[in-house]
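In: coords please:
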Amino acid sequence: MSPALRARLVLAFKVLGTLALVAFVLAKLPVREIEAAMSHPHWGWLAASLAVYAVSAVLGAWQWALILRGVGIEATWGDIARLYHIGLFFNNFLPANIGGDAWKILDLGARDGRRAGVLGATMLDRLIGLAALTVLACLGMGLAAALHVPLPKVALVLLPIGVLLFAALAALLSRRLGGLLVGLARRVGLARLAGPVTHFTDDLARVAPRVGWLNGIFGLSLGIQFLRLLTHLLAAWGLGFAVGSVAALQLAVLIPVLALSLTLPISINGIGLRESVSAGLLTWAGLAAPQAVAMELAAYLVQVAYSLVGGLFLWRRRRPGAAGCA
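Out: Here you go, the predicted structure:
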């Protein structure tokens with residue numbers, strides 16, 4: 001099967017999955033109920049949600065920049081921030097989240113032939129972000145247990161996911177694994193991949209011994225993920241929902257579960273899946289199902305609105321004479 005045909009089949013599967021999930025949500029929750037939950041916005045809180053997400057995005061670009069420099073990729077802060085925001089734009093407007101990462105890797109990697117290094121840095125950035133989000137949720141789960149705040153049993157899935165993510169980080173930073181992959185590539189007749197894999201592992205080996213540096217990156221990522229959780233709470237307040245301290249603690253555990261479920265490649269940009277999971281999961285925090293869906297839809301629209309900054313960067317780059325303005 002050719003790569004082009006495989007891509008078309010994957011897209012068709014996601015389109016069908018999206019349509020099925022949207023139909024499932026609408027069968028349970030009429031659109032008028034979701035509209036009613038969004039009918040009395042508090043624009044100040046919604047503006048605060050957008051501002052907090054913007055800060056998290058700038059810090060996210062800084063995290064990626066630090067990791068890139070850690071593996072020896074030199075680029076200006078302006079270039080890194082621009083590519084990061086274009087990646088956000090593609091993640092929201094292309095039918096696959098990998099689109100933004102692919103753009104960043106191809107664009108930045110093509111400048112000095114270090115695509116393997118950019119790939120490794122981007123994978124490390126992604127894994128650290130997911131691990132930090134899971135750690136925050138597990139801390140919230142521990143606090144909820146201490147305070148006897150109820151949570152669904154599905155929240156326990158965070159524990160094995162956290163173990164798997166840290167195992168993946170250890171494997172990614174392992175030079176031994178790189179050697180095994182090179183040997184495997186040669187044995188199965190893919191010797192042409194041996195060079196890129198070697199470059200990939202050599203670049204990541206630069207940061208593996210820097211435990212203090214990695215801990216600093218992880219601390220930064222904890223802050224970024226906290227701000228992104230806060231984006232959702234501000235969106236809830238922006239819709240006028242009464243979310244107190246207990247509900248906020250529950251949401252701090254449940255929203256990461258939702259976010260991890262959105263990594264499943266069964267719909268376009270999580271559309272339909274986000275609403276289906278929200279309607280069943282976030283009601284544990286005292287929200288009605290239409291409110292849960294409305295909150296996540298509002299938080300998603302905040303992210304989409306901010307990602308238009310990346311669209312502006314892309315338009316400015318492609319318009320005539322943009323090279324001279326950069």
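In: Give me the distance from whatever helix or strand A170 lives in to the chain's centre.
Out: A170 is part of helix 158-172 when elements are defined by DSSP states H and E. Centroid separation for helix 158-172 versus its chain: 16 Å, with CA atoms, centre = their mean, to the nearest Å.
In: Equivalent analysis for stretch 101-115, please.
Out: Mean-position distance between stretch 101-115 and its chain equals 19 Å (CA atoms, centre = their mean).
In: One more: stretch 24-43?
Out: 25 Å.
In: do the same with stretch 258-275
Out: 11 Å.
In: Compute the first-to-last residue distance for it.
Out: Terminal residues of stretch 258-275 lie 10 Å apart, using CA to CA, to the nearest Å.
In: how about that stretch: buried residues?
Out: For stretch 258-275, burial by neighbour count (16 or more other CB atoms under 10 Å) applies to 258-262, 266-275. (Each C-beta comes from the backbone N, C-alpha and C, glycine too.)
In: and if you look at stretch 60-69?
Out: Under the neighbour-count criterion of 16+ other CB under 10 Å, stretch 60-69 has 60-68 buried.
In: from what I can see L230 touches V52, true?
Out: Yes: using CB atoms under 8 Å, L230 is in contact with V52, at 5.3 Å.
In: quick one: which of those two has more around it?
Out: V52 (21 against 18; other CB atoms under 10 Å).
In: Is the more buried one within a helix or a strand, and which one?
Out: Here V52 is assigned to helix 43-70, by DSSP H and E.
In: same question, Q303
Out: helix 289-318.
In: who does that helix touch, helix- and strand-wise?
Out: On a contact count with 3 or more CB pairs under 8 Å, 6 or more residues apart in numbering; DSSP states H and E, helix 289-318 meets helix 31-37, helix 43-70, helix 77-93, helix 211-238, helix 273-281.
In: And these: which comes nearest A121?
Out: Proximity to A121, assessed across the helices and strands packed on helix 289-318 by CB to CB, is greatest for helix 43-70 (4.6 Å).
In: what pLDDT, on average, does that closest one get?
Out: Mean pLDDT, helix 43-70: 96.
In: returning to what we had before: would you reformat the helices and strands packed on helix 289-318 as a markdown table and include distance to F166?
Out: Shown next, in a markdown table, are the helices and strands packed on helix 289-318 (distance: least, CB to CB, whole Å):
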| stretch | distance to F166 |
| --- | --- |
| helix 31-37 | 37 |
| helix 43-70 | 17 |
| helix 77-93 | 24 |
| helix 211-238 | 10 |
| helix 273-281 | 24 |
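In: just those helices: most buried one?
Out: The highest mean neighbour count among the helices and strands packed on helix 289-318, using mean count of other CB atoms under 10 Å, belongs to helix 273-281: a mean of 22.
In: just checking, what packs against that one?
Out: Identification of packing neighbours for helix 273-281 by 3+ CB pairs under 8 Å, 6+ apart yields helix 3-28, helix 245-261, helix 289-318.
In: got the contact list for the second one?
Out: Which is helix 245-261. With contact meaning CB atoms under 8 Å, 6 or more residues apart in numbering, helix 245-261 is reached by 130, 133-134, 136-137, 140-141, 143-144, 147, 149-152, 154-155, 157-158, 161, 229, 232-233, 236, 243, 273-274, 277-278, 281-282, 284-287, 296.
In: got the buried residues for stretch 106-121?
Out: Neighbour-count burial for stretch 106-121 [16+ other CB under 10 Å]: 107-109, 114-121.
In: Of all pairs in those residues, which one is the farthest apart?
Out: Taking CB to CB, no two of the buried residues of stretch 106-121 sit farther apart than D107 and G120, at 15.9 Å.
In: elements contacting the longest helix along the chain?
Out: Ranked by residue count under DSSP state H, the longest helix found in the chain is helix 115-146. Of the remaining helices and strands, those touching helix 115-146 by 3+ CB pairs under 8 Å, 6+ apart are helix 43-70, helix 98-112, helix 158-172, helix 194-205, helix 211-238, helix 245-261.
In: With just CA atoms, put the second one into CSV.
Out: I take that to be helix 98-112. The C-alpha trace of helix 98-112 is given here as CSV (Å, rounded to 0.1, in the frame of the first residue of the first chain):
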residue,chain,number,x,y,z
ILE,A,98,1.0,15.6,13.8
GLY,A,99,0.7,18.2,11.0
GLY,A,100,2.1,21.0,13.2
ASP,A,101,5.0,18.9,14.4
ALA,A,102,5.8,17.8,10.9
TRP,A,103,5.9,21.4,9.7
LYS,A,104,8.3,22.3,12.5
ILE,A,105,10.6,19.4,11.9
LEU,A,106,10.7,19.9,8.1
ASP,A,107,11.2,23.6,8.2
LEU,A,108,13.7,23.9,11.0
GLY,A,109,15.5,20.7,10.2
ALA,A,110,16.0,21.6,6.5
ARG,A,111,18.1,24.7,7.5
ASP,A,112,21.2,22.8,8.6
